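**Student:** Model the structure of this input:
(one chain, ligands or ions: 1)
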Amino acid sequence: MDFTEAKSHDLVPHKGFNLISGIHDPDEVDQIYNSEIRDSDVFVITYPKSGTIWMQQILRLLEAKGDIQATKDELNSVQVPWIELIGNGKAFVTAPSPRLRVAHLQYHFMPLALSQKKGKVIYVARNPKDVLVSYFHFHKVATMLETPKDFNDFFEKFMKGGVYGNCWFDHIKTWYSHKDDMNILFITYEEMIQDLQSVVERISLFLDKDLTDEQLANVVKHSTFRNMKKIPQANYELVPEDLLDHHKGSFMRKGTIGDWKNHFTVAQNERFDQVFQKEMKDFPLSFIWDINDIV
Ligand code: A3P
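**Tutor:** Below you'll find the model as predicted:
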């Protein structure tokens, strides 16, 4: 299927990556590659459900030096938008600095200038079993994504890469393989759960921010799960019902490590582990799979 035949919200492959009809425009996505990049540009790259909206909140708070009131004038999704959504690629070109953006796109769509060490990239990775579970639930909430028949149906789709974001293994490995070309910081969702303060400090340093200890502490305070759940500008409860069916769940669901244990069967887990070991055997970063493994 191509975009001319697609119905609204169909998943349509474009240059080896699924886009969502009506949400993404392939021509506009293609233009991102040639965008000029400013030194102050920051891109957060994630596979879906890896902590994107968490990073949106952290970036906004760092920009506002921890002042939560200053972030309440506008939604995080507007201030730190997804570059690949219709209209956002075009708007990026003339947007004022600093241009803070999030993206789920694969490496080959992103501005070429990033690989000339212009701008900065933060890649957030999350253990893929929890990603799968979070994504399963999100497919029920997001009206632009097909509701899975059941968990097994979604498990199979995810393993085949038949979702927006495609194959989790390809996403992380491709981005990681280009780490030396870019100004890039790799962090994991699990590190953020384990020690948010030190991750926020690393991000602040990476972005050359100059915040006092008290300001940094405020960034941390207003980006905890408990607090973000109460901040409509950050937690997506203000996203219109035609995109998210808020009766079916929320973006801020559990916010923990290891919920996969409540969903995977023994057989699914064994199969997942086999694929993980094969795909990730040469990958140097490790993941935390259980909240009890946090020291
Ligand atoms: P769960 O569904 O497992 O709860 P994304 O923003 O990439 O779509 O990721 C959403 C996931 O990040 C959800 O995971 C959500 O709860 C979690 N999340 C968002 N903000 C968080 C926070 N402040 N602390 C912990 N998890 C958070």
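
**Student:** contacting residues for residue 7?
**Tutor:** Contacts for residue 7 (C-beta atoms under 8 Å, 6 or more residues apart in numbering) come out as residue 21. Yep, even glycine has a C-beta here, placed from its N, CA and C like the rest.

**Student:** State the helix or strand in which it lies.
**Tutor:** Using DSSP states H and E, residue 7 maps to neither a helix nor a strand.

**Student:** cool, and residue 273?
**Tutor:** helix 266-280.

**Student:** before we move on, what about residue 101?
**Tutor:** Per DSSP H and E: strand 100-103 holds residue 101.

**Student:** How much space separates the closest residue to residue 21 other than its chain neighbours from residue 108?
**Tutor:** Excluding the flanking residues, the one nearest residue 21 by C-beta to C-beta, 6 or more residues apart in numbering is residue 6, at 3.8 Å. Between residue 6 and residue 108 the computed distance is 21 Å (C-beta to C-beta, to the nearest Å).

**Student:** For the two, indicate the residue with more neighbours.
**Tutor:** More crowded of residue 6 and residue 108, by other C-beta atoms under 10 Å: residue 6, with 15 against 12.

**Student:** Could you report the distance from residue 179 to residue 122?
**Tutor:** 12 Å.

**Student:** Please enumerate the helices of the stretch 1-150 of the chain.
**Tutor:** 26-31, 52-63, 76-79, 88-94, 128-141 (DSSP state H, counting those that start in this stretch).

**Student:** So for residue 191, which of those sits nearest?
**Tutor:** Smallest distance to residue 191 across the helices of the stretch 1-150 of the chain (C-beta to C-beta): 11.8 Å, for helix 52-63.

**Student:** which other helices and strands contact the closest one?
**Tutor:** Applying 3 or more C-beta pairs under 8 Å, 6 or more residues apart in numbering; DSSP states H and E, one finds that helix 52-63 makes contact with strand 42-46, helix 76-79, strand 100-103, strand 120-125, helix 196-206, helix 213-221, helix 225-228, helix 232-235.

**Student:** For the residue nearest to residue 21, give me phi and psi.
**Tutor:** phi -70, psi 140 (degrees, to the nearest 10).
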